[in-house]
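Trainee: Fold the stuff below for me.
(one chain, ligands or ions: 1)
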Amino acid sequence: MTGFGIDNLPYGVFSLGDNTFGGDRRRIGVAHGDDVLDVSAMAQDTPFAPLLDAPVLNPLLAAGRATWTAVRAAVRQWADDPAAVRYPRADLTLHLPFEVGDYVDFYSSEHHATNVGKIFRPDGNALTPNWKHLPIGYHGRSGSVVVSGTPIVRPQGQRKGPQDPAPVFGPSVRLDIEAEVGFVVGAGSELGSTIDVADFAEHVFGVFLLNDWSSRDLQAWEYVPLGPFLGKSFATSISPWIVPLDALQAARVAPPARDPEPLPYLRDVEDWGLDLELEVRLNGHVVTRPPFASMYWTAAQQLAHMTVNGAPTRPGDIFASGTVSGPERDQFGSLLELSWGGSQPITLPDGSVRTFLEDGDEVTISATAPGPDGTRIAFGEVTGRIGPARSSGA
Ligand code: MN
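Mentor: Next up, the predicted model:
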(Lines give C-alpha, C1' and ligand atoms only; values in the text may rest on other atoms or scores of the structure.)
Protein backbone atom coordinates (compact mmCIF):
# COMPACT_ATOMS: atom_id res chain seq x y z
CA MET A 1 0.00 0.00 0.00
CA THR A 2 1.48 3.31 -1.11
CA GLY A 3 -0.68 5.65 0.98
CA PHE A 4 -1.41 7.43 -2.29
CA GLY A 5 -4.70 5.69 -2.98
CA ILE A 6 -7.91 7.08 -4.45
CA ASP A 7 -8.86 8.77 -1.15
CA ASN A 8 -5.65 10.82 -0.99
CA LEU A 9 -4.84 12.32 -4.43
CA PRO A 10 -2.43 15.10 -3.32
CA TYR A 11 -1.48 17.91 -5.70
CA GLY A 12 2.02 18.85 -6.79
CA VAL A 13 3.98 20.42 -9.63
CA PHE A 14 6.29 18.31 -11.78
CA SER A 15 8.34 18.33 -14.93
CA LEU A 16 9.59 15.39 -16.91
CA GLY A 17 13.10 16.35 -15.95
CA ASP A 18 14.65 16.83 -19.38
CA ASN A 19 14.76 19.91 -21.57
CA THR A 20 13.81 18.34 -24.88
CA PHE A 21 10.37 18.76 -26.46
CA GLY A 22 9.19 20.91 -23.57
CA GLY A 23 9.87 18.16 -21.03
CA ASP A 24 11.07 20.75 -18.54
CA ARG A 25 7.71 22.54 -18.59
CA ARG A 26 6.23 22.73 -15.11
CA ARG A 27 2.71 21.36 -14.81
CA ILE A 28 0.26 20.25 -12.13
CA GLY A 29 0.08 16.58 -11.24
CA VAL A 30 -1.72 14.42 -8.72
CA ALA A 31 0.03 11.52 -7.02
CA HIS A 32 -1.85 8.24 -7.41
CA GLY A 33 -0.25 4.94 -6.46
CA ASP A 34 3.28 4.91 -7.84
CA ASP A 35 2.28 7.29 -10.64
CA VAL A 36 1.56 10.93 -11.18
CA LEU A 37 -1.59 11.81 -13.04
CA ASP A 38 -0.98 14.66 -15.49
CA VAL A 39 -4.06 16.70 -14.58
CA SER A 40 -2.89 19.63 -16.69
CA ALA A 41 -3.33 17.34 -19.71
CA MET A 42 -6.57 15.79 -18.47
CA ALA A 43 -8.12 19.21 -17.85
CA GLN A 44 -7.84 20.28 -21.50
CA ASP A 45 -11.27 21.12 -22.94
CA THR A 46 -12.82 21.17 -19.46
CA PRO A 47 -13.86 24.20 -17.39
CA PHE A 48 -10.94 23.44 -15.06
CA ALA A 49 -8.23 24.06 -17.68
CA PRO A 50 -7.43 27.62 -16.46
CA LEU A 51 -6.89 26.25 -12.93
CA LEU A 52 -5.00 23.04 -13.73
CA ASP A 53 -3.02 23.90 -16.86
CA ALA A 54 -0.65 26.10 -14.87
CA PRO A 55 2.95 25.93 -13.57
CA VAL A 56 1.84 26.49 -9.95
CA LEU A 57 -1.19 25.69 -7.80
CA ASN A 58 -2.00 29.34 -7.04
CA PRO A 59 -4.96 29.70 -9.50
CA LEU A 60 -6.52 26.56 -8.03
CA LEU A 61 -5.80 27.80 -4.49
CA ALA A 62 -7.59 31.08 -5.23
CA ALA A 63 -10.70 29.33 -6.60
CA GLY A 64 -12.20 28.45 -3.19
CA ARG A 65 -13.84 25.53 -1.48
CA ALA A 66 -16.74 24.83 -3.89
CA THR A 67 -14.36 24.64 -6.86
CA TRP A 68 -11.84 22.54 -4.92
CA THR A 69 -14.60 19.99 -4.30
CA ALA A 70 -15.62 19.94 -7.98
CA VAL A 71 -12.00 19.61 -9.16
CA ARG A 72 -11.38 16.77 -6.72
CA ALA A 73 -14.41 14.89 -8.08
CA ALA A 74 -13.03 15.28 -11.61
CA VAL A 75 -9.54 14.17 -10.55
CA ARG A 76 -11.06 11.09 -8.92
CA GLN A 77 -12.68 10.16 -12.21
CA TRP A 78 -9.45 10.68 -14.13
CA ALA A 79 -7.59 8.54 -11.60
CA ASP A 80 -10.00 5.69 -12.40
CA ASP A 81 -9.55 6.16 -16.16
CA PRO A 82 -7.09 3.65 -17.70
CA ALA A 83 -6.53 6.08 -20.59
CA ALA A 84 -5.43 8.94 -18.31
CA VAL A 85 -2.02 10.52 -18.92
CA ARG A 86 0.29 9.31 -16.14
CA TYR A 87 4.00 8.95 -15.47
CA PRO A 88 5.98 6.85 -12.97
CA ARG A 89 6.41 9.11 -9.92
CA ALA A 90 10.05 8.13 -9.42
CA ASP A 91 11.00 9.42 -12.89
CA LEU A 92 9.78 12.99 -12.40
CA THR A 93 11.33 16.20 -11.10
CA LEU A 94 9.16 17.78 -8.42
CA HIS A 95 9.05 21.54 -7.86
CA LEU A 96 7.79 23.99 -5.25
CA PRO A 97 4.05 23.42 -5.74
CA PHE A 98 2.91 27.03 -5.35
CA GLU A 99 4.29 30.50 -5.15
CA VAL A 100 4.66 31.05 -1.42
CA GLY A 101 3.09 34.21 -0.03
CA ASP A 102 3.46 35.18 3.60
CA TYR A 103 4.84 32.60 5.98
CA VAL A 104 4.05 32.29 9.69
CA ASP A 105 5.57 29.68 11.95
CA PHE A 106 3.80 28.84 15.23
CA TYR A 107 5.01 27.25 18.46
CA SER A 108 1.97 25.18 19.38
CA SER A 109 3.27 21.94 20.93
CA GLU A 110 3.11 22.19 24.70
CA HIS A 111 5.73 19.46 25.02
CA HIS A 112 8.13 21.23 22.64
CA ALA A 113 7.62 24.66 24.24
CA THR A 114 8.14 23.19 27.70
CA ASN A 115 11.31 21.36 26.64
CA VAL A 116 12.77 24.43 24.92
CA GLY A 117 11.87 26.62 27.89
CA LYS A 118 13.72 24.26 30.24
CA ILE A 119 16.78 24.15 27.96
CA PHE A 120 16.99 27.88 27.07
CA ARG A 121 15.74 29.31 30.40
CA PRO A 122 16.61 26.75 33.09
CA ASP A 123 16.01 29.25 35.89
CA GLY A 124 12.56 30.49 34.81
CA ASN A 125 9.13 29.09 34.09
CA ALA A 126 9.30 26.78 31.05
CA LEU A 127 6.12 28.18 29.48
CA THR A 128 5.85 31.95 29.11
CA PRO A 129 2.72 33.54 30.74
CA ASN A 130 1.01 34.06 27.36
CA TRP A 131 1.51 30.52 26.03
CA LYS A 132 -1.88 29.01 27.00
CA HIS A 133 -3.78 32.16 26.01
CA LEU A 134 -2.69 32.52 22.38
CA PRO A 135 -0.84 30.54 19.70
CA ILE A 136 2.62 32.15 19.69
CA GLY A 137 4.17 32.65 16.26
CA TYR A 138 6.54 34.75 14.17
CA HIS A 139 6.69 35.83 10.54
CA GLY A 140 9.22 33.78 8.59
CA ARG A 141 10.94 34.40 5.28
CA SER A 142 8.84 32.99 2.42
CA GLY A 143 11.65 33.51 -0.11
CA SER A 144 13.73 30.83 1.61
CA VAL A 145 11.00 28.17 1.49
CA VAL A 146 12.32 25.41 -0.77
CA VAL A 147 11.01 22.10 -2.04
CA SER A 148 12.17 18.77 -0.64
CA GLY A 149 15.56 17.70 -1.96
CA THR A 150 17.00 21.19 -2.21
CA PRO A 151 20.54 21.17 -0.69
CA ILE A 152 20.81 23.07 2.60
CA VAL A 153 23.91 25.23 3.00
CA ARG A 154 25.10 25.48 6.59
CA PRO A 155 24.40 29.06 7.71
CA GLN A 156 27.01 31.38 9.14
CA GLY A 157 26.52 34.10 11.68
CA GLN A 158 27.17 35.43 15.15
CA ARG A 159 27.02 33.35 18.27
CA LYS A 160 27.93 33.98 21.86
CA GLY A 161 27.77 31.30 24.51
CA PRO A 162 26.99 32.35 28.11
CA GLN A 163 30.68 32.05 29.05
CA ASP A 164 32.09 33.74 25.92
CA PRO A 165 33.46 37.26 26.55
CA ALA A 166 32.40 38.46 23.09
CA PRO A 167 30.45 37.19 20.06
CA VAL A 168 32.29 35.27 17.34
CA PHE A 169 31.46 34.77 13.66
CA GLY A 170 31.47 31.49 11.75
CA PRO A 171 29.52 28.50 10.49
CA SER A 172 26.70 27.42 12.80
CA VAL A 173 27.83 24.67 15.18
CA ARG A 174 24.33 23.80 16.43
CA LEU A 175 22.35 23.19 13.24
CA ASP A 176 19.01 21.53 13.92
CA ILE A 177 15.72 20.39 12.43
CA GLU A 178 12.14 21.09 13.42
CA ALA A 179 9.56 18.49 12.31
CA GLU A 180 6.40 20.42 11.51
CA VAL A 181 3.11 20.30 9.64
CA GLY A 182 2.27 23.14 7.23
CA PHE A 183 -1.05 24.51 5.97
CA VAL A 184 -1.59 26.48 2.76
CA VAL A 185 -4.24 29.17 2.49
CA GLY A 186 -6.35 29.02 -0.65
CA ALA A 187 -9.14 31.55 -0.50
CA GLY A 188 -7.69 34.65 1.11
CA SER A 189 -9.19 37.40 3.25
CA GLU A 190 -9.12 41.18 2.91
CA LEU A 191 -7.18 43.64 5.00
CA GLY A 192 -9.33 44.54 7.98
CA SER A 193 -11.30 41.28 7.95
CA THR A 194 -10.89 38.19 10.11
CA ILE A 195 -11.21 34.42 9.59
CA ASP A 196 -13.28 32.81 12.31
CA VAL A 197 -12.34 29.40 13.71
CA ALA A 198 -15.57 28.09 12.11
CA ASP A 199 -14.44 29.17 8.61
CA PHE A 200 -11.12 27.31 8.61
CA ALA A 201 -12.11 24.81 5.87
CA GLU A 202 -13.41 27.59 3.60
CA HIS A 203 -9.94 29.12 3.50
CA VAL A 204 -7.39 26.32 3.90
CA PHE A 205 -6.71 24.16 0.85
CA GLY A 206 -4.33 21.54 2.11
CA VAL A 207 -1.63 20.18 4.35
CA PHE A 208 2.05 19.31 3.89
CA LEU A 209 5.19 18.54 5.88
CA LEU A 210 7.78 21.16 6.73
CA ASN A 211 11.30 21.10 8.13
CA ASP A 212 12.08 24.41 9.84
CA TRP A 213 15.89 24.15 9.75
CA SER A 214 17.17 26.05 12.79
CA SER A 215 20.57 27.29 13.90
CA ARG A 216 20.40 27.08 17.68
CA ASP A 217 23.62 29.02 18.30
CA LEU A 218 22.58 31.94 16.10
CA GLN A 219 19.07 31.78 17.55
CA ALA A 220 20.14 31.77 21.21
CA TRP A 221 22.20 34.96 20.78
CA GLU A 222 19.78 36.93 18.60
CA TYR A 223 16.26 36.04 19.75
CA VAL A 224 15.80 38.44 22.68
CA PRO A 225 13.69 40.59 22.48
CA LEU A 226 12.15 40.24 18.99
CA GLY A 227 12.26 36.49 18.34
CA PRO A 228 13.64 34.28 15.56
CA PHE A 229 15.58 35.95 12.72
CA LEU A 230 18.74 34.67 10.98
CA GLY A 231 18.69 31.42 12.95
CA LYS A 232 15.62 30.44 10.90
CA SER A 233 15.54 32.42 7.66
CA PHE A 234 18.31 30.62 5.74
CA ALA A 235 16.08 27.72 4.58
CA THR A 236 12.75 26.00 5.24
CA SER A 237 11.97 22.79 3.33
CA ILE A 238 8.48 21.58 2.41
CA SER A 239 7.15 18.32 0.99
CA PRO A 240 6.24 18.41 -2.71
CA TRP A 241 2.70 16.98 -2.33
CA ILE A 242 -0.20 19.00 -0.90
CA VAL A 243 -2.75 16.71 0.74
CA PRO A 244 -6.22 18.25 0.32
CA LEU A 245 -8.06 18.98 3.55
CA ASP A 246 -10.85 16.83 2.06
CA ALA A 247 -8.55 13.78 2.26
CA LEU A 248 -8.10 14.18 6.03
CA GLN A 249 -11.68 13.90 7.27
CA ALA A 250 -11.00 10.50 8.86
CA ALA A 251 -7.90 11.93 10.57
CA ARG A 252 -9.79 14.58 12.54
CA VAL A 253 -9.66 14.15 16.32
CA ALA A 254 -10.49 16.25 19.36
CA PRO A 255 -7.56 18.42 20.45
CA PRO A 256 -6.24 18.10 24.03
CA ALA A 257 -8.25 19.73 26.84
CA ARG A 258 -7.32 23.42 27.27
CA ASP A 259 -6.87 24.91 30.71
CA PRO A 260 -7.57 27.79 31.06
CA GLU A 261 -10.31 28.04 28.47
CA PRO A 262 -9.14 30.37 25.69
CA LEU A 263 -10.87 33.67 24.85
CA PRO A 264 -14.08 33.30 22.78
CA TYR A 265 -12.46 33.97 19.38
CA LEU A 266 -10.14 30.99 19.94
CA ARG A 267 -12.72 28.45 21.10
CA ASP A 268 -13.12 25.28 19.03
CA VAL A 269 -16.24 25.07 16.91
CA GLU A 270 -15.32 21.74 15.31
CA ASP A 271 -12.54 19.28 16.06
CA TRP A 272 -9.50 20.23 14.00
CA GLY A 273 -6.96 18.10 15.79
CA LEU A 274 -5.35 15.84 13.17
CA ASP A 275 -4.04 12.36 13.90
CA LEU A 276 -0.91 12.54 11.77
CA GLU A 277 1.95 10.23 12.75
CA LEU A 278 5.28 11.79 11.82
CA GLU A 279 8.59 9.99 11.45
CA VAL A 280 12.03 11.58 11.23
CA ARG A 281 15.00 9.73 9.75
CA LEU A 282 18.59 10.92 10.12
CA ASN A 283 20.88 9.29 7.54
CA GLY A 284 18.26 6.57 7.13
CA HIS A 285 17.78 5.82 10.83
CA VAL A 286 14.49 6.64 12.54
CA VAL A 287 15.29 9.03 15.40
CA THR A 288 11.79 10.10 16.49
CA ARG A 289 8.06 9.65 15.84
CA PRO A 290 6.23 12.84 16.81
CA PRO A 291 2.41 12.59 17.21
CA PHE A 292 0.61 15.59 15.67
CA ALA A 293 -2.62 14.79 17.57
CA SER A 294 -0.90 16.04 20.74
CA MET A 295 -0.70 19.67 19.51
CA TYR A 296 -2.25 22.13 21.98
CA TRP A 297 -3.47 24.70 19.41
CA THR A 298 -5.16 23.58 16.17
CA ALA A 299 -4.58 25.06 12.71
CA ALA A 300 -8.12 26.53 12.87
CA GLN A 301 -7.16 28.44 16.02
CA GLN A 302 -3.85 29.49 14.49
CA LEU A 303 -5.56 30.96 11.40
CA ALA A 304 -8.16 32.74 13.53
CA HIS A 305 -5.43 34.23 15.70
CA MET A 306 -3.27 35.18 12.72
CA THR A 307 -6.11 37.27 11.25
CA VAL A 308 -7.86 38.54 14.40
CA ASN A 309 -6.10 41.90 14.07
CA GLY A 310 -7.31 42.30 10.47
CA ALA A 311 -4.14 41.05 8.78
CA PRO A 312 -5.01 39.91 5.23
CA THR A 313 -4.31 36.49 3.74
CA ARG A 314 -3.65 35.54 0.12
CA PRO A 315 -3.64 32.33 -1.93
CA GLY A 316 -0.27 30.69 -1.27
CA ASP A 317 0.20 32.01 2.25
CA ILE A 318 1.46 29.26 4.51
CA PHE A 319 1.51 28.71 8.23
CA ALA A 320 3.26 25.94 10.12
CA SER A 321 2.39 24.21 13.37
CA GLY A 322 5.64 24.67 15.20
CA THR A 323 7.84 21.74 16.13
CA VAL A 324 5.75 18.67 16.83
CA SER A 325 6.88 16.97 20.03
CA GLY A 326 5.03 14.31 22.00
CA PRO A 327 5.49 13.68 25.72
CA GLU A 328 8.04 10.87 25.32
CA ARG A 329 11.74 11.08 24.55
CA ASP A 330 11.33 9.19 21.26
CA GLN A 331 8.61 11.64 20.19
CA PHE A 332 10.61 14.89 20.34
CA GLY A 333 10.66 16.83 17.05
CA SER A 334 14.10 18.48 17.20
CA LEU A 335 17.69 17.47 17.93
CA LEU A 336 17.77 20.26 20.54
CA GLU A 337 15.31 18.20 22.57
CA LEU A 338 16.56 14.73 21.54
CA SER A 339 20.09 15.64 22.72
CA TRP A 340 18.75 17.88 25.52
CA GLY A 341 20.56 21.00 24.45
CA GLY A 342 23.55 19.02 23.24
CA SER A 343 24.27 17.58 26.70
CA GLN A 344 23.07 14.04 25.88
CA PRO A 345 24.31 12.92 22.44
CA ILE A 346 22.25 10.36 20.59
CA THR A 347 23.82 7.23 19.10
CA LEU A 348 22.52 5.99 15.76
CA PRO A 349 22.30 2.26 14.92
CA ASP A 350 25.43 2.56 12.74
CA GLY A 351 27.41 3.73 15.79
CA SER A 352 27.62 7.38 14.76
CA VAL A 353 26.93 9.94 17.48
CA ARG A 354 25.09 13.24 17.04
CA THR A 355 24.09 16.25 19.03
CA PHE A 356 23.41 18.56 16.07
CA LEU A 357 23.74 18.10 12.29
CA GLU A 358 27.08 17.53 10.57
CA ASP A 359 27.91 18.31 6.94
CA GLY A 360 26.63 15.49 4.72
CA ASP A 361 23.79 14.56 7.08
CA GLU A 362 20.45 13.91 5.44
CA VAL A 363 17.15 14.38 7.27
CA THR A 364 13.80 13.06 5.99
CA ILE A 365 10.38 13.66 7.52
CA SER A 366 7.43 11.49 6.51
CA ALA A 367 3.91 11.07 7.86
CA THR A 368 0.74 9.07 7.50
CA ALA A 369 -2.82 9.65 8.69
CA PRO A 370 -5.98 7.55 8.94
CA GLY A 371 -8.01 7.46 5.73
CA PRO A 372 -11.49 6.04 5.10
CA ASP A 373 -12.20 2.34 5.81
CA GLY A 374 -8.90 1.58 7.52
CA THR A 375 -6.72 2.92 4.71
CA ARG A 376 -3.74 5.24 5.30
CA ILE A 377 -3.12 8.64 3.77
CA ALA A 378 0.59 9.27 3.09
CA PHE A 379 2.28 12.64 2.93
CA GLY A 380 5.13 13.13 0.50
CA GLU A 381 8.47 13.11 2.27
CA VAL A 382 10.44 16.27 2.91
CA THR A 383 14.16 15.67 2.76
CA GLY A 384 17.31 17.76 2.80
CA ARG A 385 21.07 17.24 3.01
CA ILE A 386 23.43 19.59 4.80
CA GLY A 387 26.30 21.03 2.78
CA PRO A 388 29.31 22.96 4.14
CA ALA A 389 29.10 26.68 4.85
CA ARG A 390 30.11 28.94 1.99
CA SER A 391 33.25 30.94 2.36
CA SER A 392 32.46 34.18 4.13
CA GLY A 393 35.06 36.08 2.13
CA ALA A 394 36.40 37.30 5.42
MN1 MN B 1 9.62 26.16 13.83
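Trainee: When you work out contacts or count neighbours from here on, use the C-alpha atoms and nothing else.
Mentor: OK.
Trainee: which residues touch the residue of the chain most remote from its centre?
Mentor: In the chain, the greatest distance from the average C-alpha position (Cα atoms, centre = their mean) is reached by Pro165, at 37.5 Å. Contacts for Pro165 were tallied using Cα atoms under 8 Å, 6 or more residues apart in numbering; there are none.
Trainee: What segments of the stretch 51-200 of the chain are helices?
Mentor: In the stretch 51-200 of the chain, the helices defined using DSSP state H, counting those that start in this stretch lie at 58-63, 65-79, 110-120, 200-203.
Trainee: buried set for the shortest one?
Mentor: It refers to helix 200-203. 200-201, 203 (16 or more other Cα atoms under 10 Å).
Trainee: Can you name the element that comes right after it?
Mentor: Next along the chain after helix 200-203, taking DSSP states H and E as the criterion, comes strand 204-211.
Trainee: Just name whatever secondary elements that following strand is in contact with.
Mentor: Judged by 3 or more Cα pairs under 8 Å, 6 or more residues apart in numbering; DSSP states H and E, strand 204-211 is in contact with strand 179-185, strand 236-238, strand 243-244, strand 362-370, strand 376-387.
Trainee: The helix or strand following it: how far from the chain's middle?
Mentor: Heading C-terminal from strand 204-211, the first helix or strand you meet, by DSSP H and E, is strand 214-215. Here the centre of strand 214-215 is set off from its chain's centre by 16 Å, with Cα atoms, centre = their mean, to the nearest Å.
Trainee: any idea how far Ala201 lies from Asp317?
Mentor: As judged by Cα to Cα, to the nearest Å, Ala201 and Asp317 stand 15 Å apart.
Trainee: quick one: contacts for the spatially closest residue to Leu60 that is not a sequence neighbour?
Mentor: Among residues not flanking Leu60 along the chain, Leu51 sits closest, at 4.9 Å (Cα to Cα, 6 or more residues apart in numbering). Applying Cα under 8 Å, 6+ apart to Leu51 gives the contacts 57, 59-60.
Trainee: got JSON lines for the residues you listed, with neighbour count too?
Mentor: Formatted as JSON lines, those follow (neighbours: other Cα atoms under 10 Å):
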{"residue": "Leu57", "neighbour count": "25"}
{"residue": "Pro59", "neighbour count": "18"}
{"residue": "Leu60", "neighbour count": "23"}
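Trainee: Looking at those residues, which is nearest Arg27?
Mentor: Distance to Arg27 across these (Cα to Cα) is lowest for Leu57, with 9.1 Å.
Trainee: So that closest one sits against His95, correct?
Mentor: No: Leu57 is beyond contact range of His95, at 11.0 Å (criterion: Cα atoms under 8 Å).
Trainee: shared neighbours of those two, which are they?
Mentor: Joint contacts of Leu57 and His95 (Cα under 8 Å, 6+ apart) are 12-13.
Trainee: quick one, strands of the stretch 51-200 of the chain?
Mentor: Along the stretch 51-200 of the chain, the stretches classed as strands by DSSP state E, counting those that start in this stretch are 86-88, 93-95, 103-106, 137-139, 145-147, 152-153, 156-159, 168-171, 175-176, 179-185.
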